[in-house]
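**Student:** Dropping the sequence and predicted coords here.
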Amino acid sequence: MFEYDFMINAFSAAGIVAVVSGLVGYFLVMRGQTFAGHALSHIGFAGATGAGLIGLSPLWGLVGFTLVAGLGMGLLGERLSGRDVAIGIVLSLALGFGLLFLHYYTSFATQATAVLFGNVLAVDHPTIVILASLSAIILVALSILMRPLVFASLQPELAEAKGVSLRYISMAFLAVVGLTVSACAQIVGVLMVFTLMVGPPAAAQRVVTGLWTGLGLAATLALTYVWLGLTVAFYTDWPVSFCIALLSGCGYLLSLAAPRQHLRVEGMMQEAHEL
Amino acid sequence: MNVVELDKVTIRVGGRSVLSNVSFSVGDAEFIGVLGPNGAGKTTLMRTLLGLIRPTGGTVRVLGKSPMRGNPEIGYLPQMRTVTPELGMRGIDFIASSVNGERWGLAITTRADRRVIEQTLMAVGATALADRPLSDMSGGERQRLLLAQALLGSPRLLLLDEPLISLDPRHQEAVIDLVRQFCRDRGITVLFSAHELNQLLGALDRVLYLGRGQAVLGSIDEVVTAPVLSRLYGADINVVRTEGHIFVMSRGRNIERHDHLHHEHAHEYHQHSSHAGSMPGGASYRST
């Protein structure tokens, strides 16, 4: 299948984005902000169609809208976190606006499906360069943020007492999530960013207990899903995003069945023994 | 030198006066029980010492300096512990997040950091928790892990905000004994807030009672009396002493017990002998 340029492009683009999505998603899951990530992707849809309306590339509309929305959500911080209702309303409002923009720019409608469900097979060389640069920015930002981010996510009260600004960390992180959502949407679409940003890290966190092993496994799983998904799609002619979603779902189900690690089994055996 | 010193301190939070014109000082290596009704300002006091809340009047000194955020000489165990119950991260990585957690960069745990963490875990008898995921720990085990974390970096002042909440009595005693022993050995000053006085009776040097904007610091005999507590609670309080216990009663009801009740529901107790890392004494429980 590598005799086709579009497959090579798809493998490179999806590979880069999958690794970044797995890494960023690990923190998203750890912070319990997956719903916020989902909302960001919907806001991105409005950005993409809005950009189409004024003649810009949908990708830049996505990036702009998710970046600003991420910063805004981080700024609202405490008041917004865990407010599923507020996030849900913003999410559907954003989708509504996306639809409105689409209504006034009907020639964009063919591209709308690509924005919603992804079209990795249509990724061209310039897009790969953009995705790679975007990913580099995300990784640099994440590596600068990582230490206070982990601290603030796991123990916010203590982190605050030690001088970490929870609000700035939250803003910076959600901006990073916004960029990641934009990149991820190029592969699997705004509606399915969960398949790469939540599925792999959620499975990883169920299977391993270390911070770095968890990050490594999340990235590896995401990479496996996209490459395997592309391969399956190539031979079956099923949509790529479906194959990735299927693998991501199966991976998570398998992780539910697997014991956390040997220590848990030992503990249970010990308990059983004592009874 | 006084470790904590408040001079005519007034603190307002959200327009409400929490402490007004309060003065007291706490010395080296003292174990202070911080008590008082809900909303009396126990948490606010600790947050002030941490530099998170600025008093509206008076001066606060912590180890001779104005309170500042990120003071490495203070160990802190917050009350609102938002540990995700599902968090599958192992204990040592969880604790390591607090070591230099305020600095930028990758969260890499150096060999030296790891050694310090392991030593502290050993000192509180929690070595076995290092490799276990938090989601598998009982309430008592988590508390022990967080206690070890508060003790990292050799603090001179330890602020423990309701460390006994959601623990069963046996684990509560284990936590008190542990703090008492560890801090006495190392000369650490402790402010230990709690709902109930009786458990702390054997451990504390002095008691700090907060209520209605006021604070009274002194020995049990000086502070836990009907006139003082009636003033702090703003109600007719009787103090009944019997067989080494002290009951603070209002119109025949034990008000501390009443305060405490809502923390004690929905827990499922089950016995199993203390496997490595859990509190000594045998009983262990998990919150449901």
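**Tutor:** That came through fine.
**Student:** For the stretch 101-250 of chain B, which residues are neighbours of chain A?
**Tutor:** For the stretch 101-250 of chain B, the residues in contact with chain A (Cβ under 8 Å from any Cβ of the partner chain) are B:101-107, B:131-133, B:135-136, B:149. Backbone N, C-alpha and C define where each C-beta goes, glycine included.
**Student:** For A:P148, which residues are in contact?
**Tutor:** A:159, A:164, A:169, B:101-104 (Cβ atoms under 8 Å, 6 or more residues apart in numbering or on different chains).
**Student:** Spatially nearest residue to it, not counting backbone neighbours?
**Tutor:** Leaving aside its sequence neighbours, A:P148 sits nearest to A:V164 (Cβ to Cβ, 6 or more residues apart in numbering or on different chains; 4.8 Å).
**Student:** Give me the secondary structure label for the one you found.
**Tutor:** Secondary structure, DSSP: H, G, I helix; E, B strand; the rest coil: A:V164 is coil.
**Student:** Nearest residue to the middle of chain A?
**Tutor:** Against the mean C-alpha coordinate of chain A, by Cα atoms, centre = their mean, the closest residue is A:M197 at 3.1 Å.
**Student:** For that residue, give its distance to B:A148.
**Tutor:** 33 Å (Cβ to Cβ, to the nearest Å).
**Student:** so where's chain B shaky on pLDDT?
**Tutor:** Chain B contains residues with pLDDT under 70 at B:80-85, B:252, B:256-288.
**Student:** And for chain A?
**Tutor:** Scanning chain A for pLDDT under 70 picks out A:77-83, A:259-275.
**Student:** What count of nearby residues applies to B:E243?
**Tutor:** 4 (other Cβ atoms under 10 Å in any protein chain shown).
**Student:** Show me the strands in the stretch 101-250 of chain A, by range?
**Tutor:** Taking DSSP state E, counting those that start in this stretch, the stretch 101-250 of chain A contains no strands at all.
**Student:** Can you name the residues of it that neighbour chain B?
**Tutor:** Contact residues (Cβ under 8 Å from any Cβ) of the stretch 101-250 of chain A with chain B: A:143-148, A:150-152, A:154-164, A:205-206, A:208-211, A:214.
**Student:** one more time with 7 Å, if that's ok
**Tutor:** Applying Cβ under 7 Å from any Cβ of the partner chain, one finds that the stretch 101-250 of chain A approaches chain B through A:143-144, A:146-148, A:150-151, A:154-164, A:205-206, A:209-211.
**Student:** I only care about those residues that end up buried; give me the PyMOL line for that.
**Tutor:** Under the burial definition 16 or more other Cβ atoms under 10 Å in any protein chain shown, those of those that qualify are selected in PyMOL by:
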select buried, chain A and resi 146+147+148+150+151+154+155+156+157+158+159+160+161+162+163+164+205+206+209+210+211
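**Student:** From the residues of the stretch 101-250 of chain A next to chain B, which land in helices?
**Tutor:** A:143-144, A:146-148, A:150-151, A:154, A:156-161, A:205-206, A:211 (DSSP state H).
**Student:** quick one on the thing from earlier: derive a PyMOL selection command for the buried subset of the contacts of A:P148.
**Tutor:** A single PyMOL command selects the buried members of those (16+ other Cβ under 10 Å):
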select buried, (chain A and resi 159+164+169) or (chain B and resi 101+102)
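**Student:** and B:G58, that's in a strand?
**Tutor:** Yes: counting by three-state DSSP, B:G58 is located in a strand.
**Student:** My guess is it contacts B:T10. True?
**Tutor:** Yes: between B:G58 and B:T10 there is a contact under Cβ atoms under 7 Å: 5.8 Å.
**Student:** Could you give the number of residues near A:L230?
**Tutor:** A:L230: 21 neighbours (other Cβ under 10 Å).
**Student:** now A:E160: how far from A:F173?
**Tutor:** For A:E160, the distance to A:F173 - Cβ to Cβ - is 15 Å.
**Student:** for B:P155, same thing?
**Tutor:** From B:P155 to A:F173 the distance is 29 Å (Cβ to Cβ).
**Student:** quick one, which of those two is more surrounded?
**Tutor:** When B:P155 and A:F173 are compared for neighbours, A:F173 comes out ahead with 26 against 21, by other Cβ under 10 Å.
**Student:** Verify the contact between that one and A:M146 for me.
**Tutor:** No: counting by Cβ under 7 Å, A:F173 stays clear of A:M146, with 9.9 Å between them.
**Student:** so what's the residue of the stretch 101-250 of chain B found nearest chain A closest to, chain neighbours aside?
**Tutor:** Using Cβ to the nearest Cβ, the point where the stretch 101-250 of chain B gets nearest to chain A is B:G101, with a distance of 3.0 Å. Distances taken as Cβ to Cβ, 6+ apart place A:F151 nearest to B:G101, at 3.0 Å, with adjacent residues excluded.
**Student:** Helix or strand next in line after the helix ranked longest in chain B, which one?
**Tutor:** The longest helix of chain B (DSSP H) is helix B:169-186. Later in the chain than helix B:169-186, the nearest helix or strand by DSSP states H and E is strand B:189-193.
**Student:** For B:A29, what are phi and psi?
**Tutor:** Backbone geometry at B:A29, expressed as degrees, to the nearest 10, gives phi 60, psi 20.
**Student:** Give me the neighbour count for the closest residue to A:L179 other than its chain neighbours.
**Tutor:** For A:L179, ignoring the flanking residues on the chain, the nearest one in space by Cβ to Cβ, 6+ apart is A:I138 at 5.2 Å. For A:I138, the count of nearby residues is 23 (other Cβ under 10 Å).
**Student:** Ok, A:Y105 next?
**Tutor:** Quick note: A:Y105 (other Cβ under 10 Å) scores 18 neighbours.
**Student:** ok, now which ones touch the spatially most central residue of chain B?
**Tutor:** Closest residue to the average C-alpha location of chain B: B:L160 at 2.0 Å, with Cα atoms, centre = their mean. Taking Cβ atoms under 7 Å, 6 or more residues apart in numbering or on different chains, we find B:L160 in contact with B:77, B:179, B:190-193.
**Student:** ok, which stretches of chain A are helices?
**Tutor:** Ranges of helices within chain A are A:5-30, A:34-53, A:58-76, A:84-104, A:109-117, A:125-154, A:156-161, A:166-188, A:194-197, A:199-207, A:211-236, A:240-257, A:262-274, based on DSSP H.
**Student:** For the fifth one, buried residues please.
**Tutor:** To tie it back to what came earlier, the one meant is helix A:109-117. A:111-112, A:114-117.
**Student:** From the chain's centre, how far out is it? Work that out for me.
**Tutor:** 18 Å (Cα atoms, centre = their mean, to the nearest Å).
**Student:** before we move on, back to that, which elements pack onto the longest helix of chain B?
**Tutor:** On a contact count with 3 or more Cβ pairs under 7 Å, 6 or more residues apart in numbering or on different chains; DSSP states H and E, helix B:169-186 meets helix B:139-151, strand B:189-193.
**Student:** Strand B:189-193 and that helix, what's the angle between them?
**Tutor:** Orientation of helix B:169-186 against strand B:189-193 (axes from the mean of the first three to the mean of the last three Cα atoms, to 10 degrees) gives an angle of 160 degrees.
**Student:** Chain B: helices as residue ranges?
**Tutor:** Counting by DSSP H, the helices of chain B are B:42-49, B:91-96, B:111-123, B:139-151, B:169-186, B:220-223, B:226-233, B:255-261.
**Student:** hey, which of those helices is tucked in deepest?
**Tutor:** helix B:91-96 (a mean of 25; mean count of other Cβ atoms under 10 Å in any protein chain shown).
**Student:** Go through the helices of chain A and pick out the most buried.
**Tutor:** helix A:194-197 (a mean of 30).
**Student:** what sits up against it?
**Tutor:** Under Cβ under 7 Å, 6+ apart, the answer for helix A:194-197 is A:18, A:21-22, A:24-25, A:28, A:37-38, A:180, A:184, A:188, A:222, A:225, A:244-245, A:248.
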